[in-house]
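In: Compute the structure for the input listed below.
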Amino acid sequence: MFTYSLAAGLAAKVNNSNLKQETAFGAPGHDNNVASVGTKPSTTASKVKRRNRMITSCLECRRRKLKCDKQQPCANCAKSTRECLFLAPSLDSASQLKLTEIKEKMGSLERVLEQDVARNGAWREARKAHAAGERTMEDEIDFAPIPEDERELQPTPLATLDAVYEDDADDDALDLGVKFGKLRLTDRLGGFFRPKLAQEINTTIMDARNDRRSDAEKFMSPIPAIQALRREDNPFAPGPTYIPPSSNFFFANNASNASLIDFLPAKGAADHLIQQYWLAVHPMCRIVHRPSFQRRYDLFWSQVRMGMEPVGSLQAIVFAALFSGVISMPDDQIKSSFGVPKRDLVENFQQGTETALSRAHLLRTTKVETIQAFVMYMIPLCRDQVSRAHSALVGTAIRLAECMGLHRDGTTFGMNAVETHVRRMIWFQILFLDVRTCEAQGPRPGMRDSDFDTKFPLNVDDNELESLTPPKEDAPHWTDMTLTLIRMECNEMMRTVWFDRPKVEARKLALTTLLGKIENFRRMLYSKYGPLLDTTEPIHQIASLVMSVLCNRMMIMVLHRYHNGVLARIPDRLRQMILTSGTTQIEASMRMETLPTLRTWAWYSGALQQYQTAFLLLTELFTYPNRREADRIWKVLDYVFEIPSELSRDEKARLILVEIRDKMDAYSTVRKLKAPTSMTRSLENGLPRPKKDVINNDPLGLPLTARELALNPDAQPTVGNAQIPIEVDNEQASLQGGLYLPVPRSEPSRSILRAVSPTDAPSSSQGSVNGATINSESQSTLVDEMMADIDWNEWDKLFPQGFVTPSIGATPSFVPGSTPGLFYG
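Out: Coordinates of the predicted model:
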């Protein structure tokens, strides 16, 4: 006798096969339901008709589609000696109803699954379309393969994003760091916290392989341990461009009771400062719609003449514009125009702006004009010298802007063209301040791409926005907005780099992929704005230089932590990128600051370039002084560090590094920097040596053949052709590369030695890495082993005597004060 469970299971199996056949012919299959996702299925299609007829044939005949004579056993089964099985007699009504219910539930479940599959497919397609329009390319690059020479490449462990200080730190001391010529170093270098920077520098200085002085020079010119500090009364004093913000507009004080007349100049003087604002500030840091602001400015003075006090927001934006105009004027021009020192005017208009912001109720305002005035006030403050106070104010600006909806595009709320344009300018100026302050004070930008949908301002002239049919697309020519747009787009890419660097360290993104992403952006930027530039116009020249500075800075942002490798040294192609990008970046900054035709906008160069790349170039030349690019690099180093030209290059490099070491050590003591325990252990024990003495990463420019290198192990090899070029300017020849020569010595950057005092430095010519002495015999043996199998005849055919590799020197050298003859990228 057959059980009910067997009968029900077989019936379900048979019915399921029928459902599959029905689905294959469109009722209700996946393909037929994709187009109707989200629509309610019809009742006729949802109900499956079932015949529920009795099954009288045996199972074997049904399976083989044979006519069964219904005997037990049937003729077919008896002939084939198969077991003849029949279904049990028909079920009672209750069991039949239960079986039908199960079948219907299975059919319903299958339809739901089909609809879910169709719905998920449509959702994935929509997500792909959305991702294609995003700024980032995460979906395309997350799974890119990591090149072989990057697999063991790791950033230095002596840099971290998060800073910690001892509780007994001196809060009265400014957090602006120490100045060395035009360079100012704090506890952050390249945006990363470097509490052991003095010890790192000392390791490089004390390495005997970097000491090329004779015994007489060592005796006659001992390294001064503290003389650099004695040359200045206060090495931590701020520079002349530093403007500390106050808390007047946050916390009530007596200044809020001051009268507007106490800070307001005469109408003629104010007009002169506003004209300076339009000339020097507005093109570089555009944040107002000029026709609209001009009408507000006229309203301000008409109310003043009538004895009425303008509203707080109007006072704030007018004083912020006057304040910016004063900051952008040279000292001699202010003295001749107003007869007072620049510092007096700066203090007057700064206090006036802060008082007006306080009266405008900055912290609870809902007026766009008030937040606009606040950002306008912050722009000249956040330039080359940025303190923690500046960073805190920028964080306040971000939160205020979000509370007012500036992170949502104006078109979402149906605003007119002018309102939308102004809101976009304010938002992206805030984002620029966000990146600038996190570079100086850390730890990372406060906004991500997913946090806002505000679009870039249109590349249009201000007067076009008030026409009857305002433009909705970028103009294909130079406009009032072009220079500011270049800055904004570069800043957005820099913010993307900030968030992509952790992915590289986590091995979710290849380093070369990120560099390629930057290069693609650079090409896009030059193809978009390059045709709009006429280098005979000064404003176009400054736009070209801004592109060069910011694009090359992105390369340094990514590569500077890999310069001193731990497990493996940085590949030569990446080292060449550092030198190329760094040198070109500083050269462009030199032009911005020294060319007479660009003097109008030189006041803002400190916000675009802080010269920290010069420190990276200096350490490279101190270790490898014979680079082919040394002449070009030393020109920019002389400009940045302002060192007397009569000294030799080795003396200058050692003098600068010793001064930086001593001052940074004193600064760290005052600030009570606290390093992570892992960082402290690395310095105490010495970092692990790279696993491989990989072929060539000693990138010197000497034209030596491999045969000469084998005969003279102390010689320094030539660079091979670096394979991945990075065009950093339109005049520059691309780099080539790939074939490396054996290096018979260990590179000092491959290990961080224990910090020692000058008196503990070894006096012999032998180097020491992690306590192991490296003598000439071991070097010679290493070279012999590595070169035993080289076919020298074939080698000399490929690289004949006098073979010289290309270098970064293709860009013409720059002399401060000269006029560029070609388009400078």
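In: and stretch 298-306, what's its mean pLDDT?
Out: Regarding stretch 298-306, the rounded mean pLDDT is 95.
In: residues making contact with that stretch?
Out: Contact partners of stretch 298-306, identified using Cβ atoms under 8 Å, 6 or more residues apart in numbering, comprise 260, 264, 267, 270, 309, 310, 314, 315, 318. (C-beta placed from N, C-alpha, C; glycine too.)
In: Buried residues of it, list them for me.
Out: Residues of stretch 298-306 classed as buried under the neighbour-count rule (16 or more other Cβ atoms under 10 Å) are 300, 304.
In: Going by secondary structure, the closest residue to residue 345 other than its chain neighbours is in what exactly?
Out: Using Cβ to Cβ, 6 or more residues apart in numbering and skipping the chain neighbours, the partner closest in space to residue 345 is residue 326 (4.8 Å). Mapping residue 326 onto the secondary structure by DSSP states H and E places it in helix 312-328.
In: in terms of contact count, name the helices or strands touching that helix.
Out: helix 267-276, helix 290-305, helix 342-359, helix 368-381 (3 or more Cβ pairs under 8 Å, 6 or more residues apart in numbering; DSSP states H and E).
In: Check what contacts the first one and list those residues.
Out: The set of residues external to helix 267-276 that reach it, using Cβ under 8 Å, 6+ apart, is 264, 265, 297, 301, 321, 322, 325, 326, 328, 329, 337, 338.
In: By neighbours, which of these wins?
Out: By neighbour count, taken as other Cβ atoms under 10 Å, the most surrounded of the contacts of helix 267-276 turns out to be residue 321 (27 neighbours).
In: That one contacts residue 280, correct?
Out: No. In this structure residue 321 lies outside contact range of residue 280 using Cβ atoms under 8 Å: 11.7 Å.
In: what about residue 559, how many neighbours?
Out: For residue 559, the count of nearby residues is 22 (other Cβ under 10 Å).
In: separation between it and residue 668?
Out: To residue 668, residue 559 is 25 Å away according to Cβ to Cβ, to the nearest Å.
In: All the helices of the stretch 601-750 of the chain, residue numbers only.
Out: Assigned by DSSP state H, counting those that start in this stretch, the helices in the stretch 601-750 of the chain fall at 605-608, 612-623, 630-641, 649-671, 677-685, 706-711.
In: Tell me which of these sits nearest to residue 588.
Out: Checking the helices of the stretch 601-750 of the chain against residue 588 by Cβ to Cβ gives helix 605-608 as the closest, at 9.3 Å.
In: Leaving out sequence neighbours, find the closest residue to residue 201.
Out: Looking at residue 201 with Cβ to Cβ, 6+ apart, the closest residue is residue 661, at 4.2 Å.
In: Next, count neighbours for the one you found.
Out: Residue 661 has 25 neighbouring residues, counting by other Cβ under 10 Å.
In: Give me the pLDDT value at it.
Out: In this model, residue 661 is scored at 88, pLDDT.
In: cool, residue 237 as well?
Out: Looking at residue 237, its pLDDT reads 81.
In: Tally up the residues packed near it, please.
Out: Neighbours around residue 237, by other Cβ under 10 Å: 12.
In: swap in residue 513?
Out: 22.
In: Return the per-residue confidence for it.
Out: On pLDDT, residue 513 comes in at 87.
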